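Novice: structure here, sequence nowhere to be found:
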């Protein structure tokens, strides 16, 4: 559902326009963090692990996720959210 509403190309464009593209490959790339934050809004009563599970299941169904999901620590998710910042979320509205 998220990739239909927010195609990966659009997410990448918004992230780039906000100057938030990563310089190295990360466990949580900016695109994944964007989808994770959007999924957190949809599943606001769930914890990080469940949101991650639901997100990757949906991406797997759409054939947009081929890796095995390893739930990052809360600290890693927090750092990824800080790296991304709020600007891409405001730009996508």
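Specialist: Right, received. Where do you want to start? Just so we're clear, the structure is a prediction, and the values are computed from it rather than from any experiment.
Novice: tell me the first helix or strand C-terminal of the lowest-mean-pLDDT helix or strand in the chain.
Specialist: In the chain, the helix or strand scored least confidently by mean pLDDT, DSSP states H and E is helix 48-61, which has a mean of 78. As assigned by DSSP states H and E, the chain's next helix or strand after helix 48-61 is helix 74-84.
Novice: for that next one, give the mean pLDDT please.
Specialist: What helix 74-84 shows for mean pLDDT is 86.
Novice: follow-up on the earlier one: buried residues in the least confident helix or strand of the chain?
Specialist: 48, 51, 52, 53, 55, 56, 58, 59 (16 or more other C-beta atoms under 10 Å). Bear in mind the C-beta positions are built from the backbone N, C-alpha and C, glycine included.
Novice: name the helices or strands packed onto that helix?
Specialist: The contact analysis (3 or more C-beta pairs under 8 Å, 6 or more residues apart in numbering; DSSP states H and E) places helix 48-61 against helix 2-5, helix 30-42.
Novice: right, so those: which one is the most enclosed?
Specialist: Across the helices and strands packed on helix 48-61, averaging neighbours per residue (mean count of other C-beta atoms under 10 Å) puts helix 30-42 on top, at a mean of 19.
Novice: tell me what that helix is packed against?
Specialist: helix 2-5, helix 8-17, helix 48-61, helix 74-84, helix 87-91.
Novice: recalculate using a threshold of 7 Å.
Specialist: If contacts are counted by 3 or more C-beta pairs under 7 Å, 6 or more residues apart in numbering; DSSP states H and E, helix 30-42 sits against helix 2-5, helix 8-17, helix 48-61, helix 74-84.
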